[in-house]
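K.L.:
Test case, fold it:
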Amino acid sequence: MKSGSNLETVLTSGKFAITAELGPPKSANKEFVIKRAQILKNYVDAANLTDNQTAIVRMSSIAAGRIILDQGIEPVIQMTCRDRNRIAIQSDVLGAAALGVKNILCITGDHQCFGNHPDSKNVFDIDSIQLVSLLKMMRDEQKVLGGDAIKTPPQIFIGAAANPFADPLEFRVIRLEKKIKAGADFIQTQCIFDMNRFSEWMKMVEDKGLDKKTHILAGVTPIKSYNMAKHMAENVSGVSVPQEILKRIESANDPKEEGINICIETIEELKKIKGVHGIHIMAVQWEEVVPEIVKMVGLFPRP
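P.N.:
I've put the predicted structure just below:
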């Protein structure tokens, strides 16, 4: 075991894993985090704490991770390259590990122009592939990037993101391969509505044998309304929402119920795809629906 985390244990045992996203608040409200953690408890193997998602200032993912640890839920800390240089990143990795964090997801981070500080400076001292490699060095070689030894190295399960829906498709597989070579132990994908495109991507992943070198968690998102579906289709980079999905939500008497139905159908299809080792549920401030979805797809109780 590389980290001894619950997520690593579930995945290495061959069981179908479940993670879910938990967005920290835009405040210092600890109770906000606790309430959402209690909703997810016992229904997921770990919960992702986003790192100032969409470049909007929120509670630190590391602080929120410690809060949910105290509630009995294992965190996956997201860490972006946007806001920190290599010194700050390594410092935060050591600090997070000292607080009990065992899973870190390495991502680039949304550009600051999308958030509430569009004139702020970004950093991008290293990119997401280099970030994966850096964490692997700290864990396995027990040293920082500058060469100094780490007497107590961070024992972390290293994750990375993948987007099967950006073009060209072949490049997305090459980029995934680079992240795996850099040291990604698990992969979480962009949310999936276009199953044909995802299946095509997974076939290429399987042909290269990449699904045997890492653990792939397929992203899913329950849609709450037609406006949400339309926004994701037109404004969210790297998300593909087929017209069939838009029409189902638009014509539904209860769009929320139809959104849940679509999410459940998607998960059932994902369970059949070779090389998919679990799902990552991004409910976008709708954590209440996660237990219902997990039960309805037959993945409760958790291991």
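K.L.:
Find the residue at the geometric middle of the chain.
P.N.:
residue 188 (4.8 Å; C-alpha atoms, centre = their mean).
K.L.:
I'd like the secondary structure assignment at that one, please.
P.N.:
The three-state label given to residue 188 by DSSP: H, G, I helix; E, B strand; the rest coil is strand.
K.L.:
partners of it in the sheet?
P.N.:
residue 161, residue 217 (DSSP bridges).
K.L.:
average pLDDT across the helix ranked longest in the chain?
P.N.:
The longest helix of the chain (DSSP state H) is helix 255-272. Here helix 255-272 scores 97 as its mean pLDDT.
K.L.:
Check stretch 120-137 too.
P.N.:
Mean predicted confidence for stretch 120-137 is 97.
K.L.:
do the same with stretch 55-70
P.N.:
Averaging pLDDT along stretch 55-70 gives 97.
K.L.:
Send over it as PDB, restricted to the C-alpha atoms.
P.N.:
Provided in PDB are the C-alpha atoms of stretch 55-70 (Å, rounded to 0.1, in the frame of the first residue of the first chain):
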ATOM      1  CA  ALA A  55     -11.400  30.400  -9.200                       C
ATOM      2  CA  ILE A  56     -13.800  31.600  -6.600                       C
ATOM      3  CA  VAL A  57     -12.400  32.100  -3.100                       C
ATOM      4  CA  ARG A  58     -13.600  29.400  -0.700                       C
ATOM      5  CA  MET A  59     -12.500  27.700   2.500                       C
ATOM      6  CA  SER A  60      -9.100  25.900   2.100                       C
ATOM      7  CA  SER A  61      -9.500  22.300   0.800                       C
ATOM      8  CA  ILE A  62      -7.000  21.200   3.400                       C
ATOM      9  CA  ALA A  63      -8.900  22.800   6.300                       C
ATOM     10  CA  ALA A  64     -12.200  21.300   5.000                       C
ATOM     11  CA  GLY A  65     -10.500  18.000   4.700                       C
ATOM     12  CA  ARG A  66      -9.400  18.000   8.300                       C
ATOM     13  CA  ILE A  67     -13.000  18.900   9.300                       C
ATOM     14  CA  ILE A  68     -14.500  15.900   7.400                       C
ATOM     15  CA  LEU A  69     -11.900  13.600   8.800                       C
ATOM     16  CA  ASP A  70     -13.200  14.500  12.200                       C
END
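K.L.:
buried stuff in it?
P.N.:
55, 58, 59, 61, 62, 63, 64, 65, 66, 67, 68, 69 (16 or more other C-beta atoms under 10 Å). Backbone N, C-alpha and C define where each C-beta goes, glycine included.
K.L.:
what about the longest helix of the chain, distance to the chain center?
P.N.:
Put simply, helix 255-272 sits 19 Å off its chain's centre (C-alpha atoms, centre = their mean, to the nearest Å).
K.L.:
Can you name every helix or strand that it contacts?
P.N.:
strand 215-220, helix 243-251, strand 276-281, helix 290-296 (3 or more C-beta pairs under 8 Å, 6 or more residues apart in numbering; DSSP states H and E).
K.L.:
Using CSV, lay out these together with mean neighbour count.
P.N.:
Formatted as CSV, those follow (neighbours: other C-beta atoms under 10 Å):
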stretch, mean neighbour count
strand 215-220, 25
helix 243-251, 15
strand 276-281, 25
helix 290-296, 18
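K.L.:
and of the ones you listed, who's closest to residue 1?
P.N.:
Nearest to residue 1, of all these, is strand 215-220, at 13.4 Å by C-beta to C-beta.
K.L.:
what's the following helix or strand after the closest one?
P.N.:
helix 226-235 (DSSP states H and E).
K.L.:
which residue packs closest to residue 214, ignoring adjacent ones?
P.N.:
Distance criterion C-beta to C-beta, 6 or more residues apart in numbering; nearest residue to residue 214, sequence neighbours excluded, is residue 180 at 4.9 Å.
K.L.:
I'd guess that neighbour is in a helix, am I close?
P.N.:
Yes - Residue 180: assigned to a helix according to three-state DSSP.
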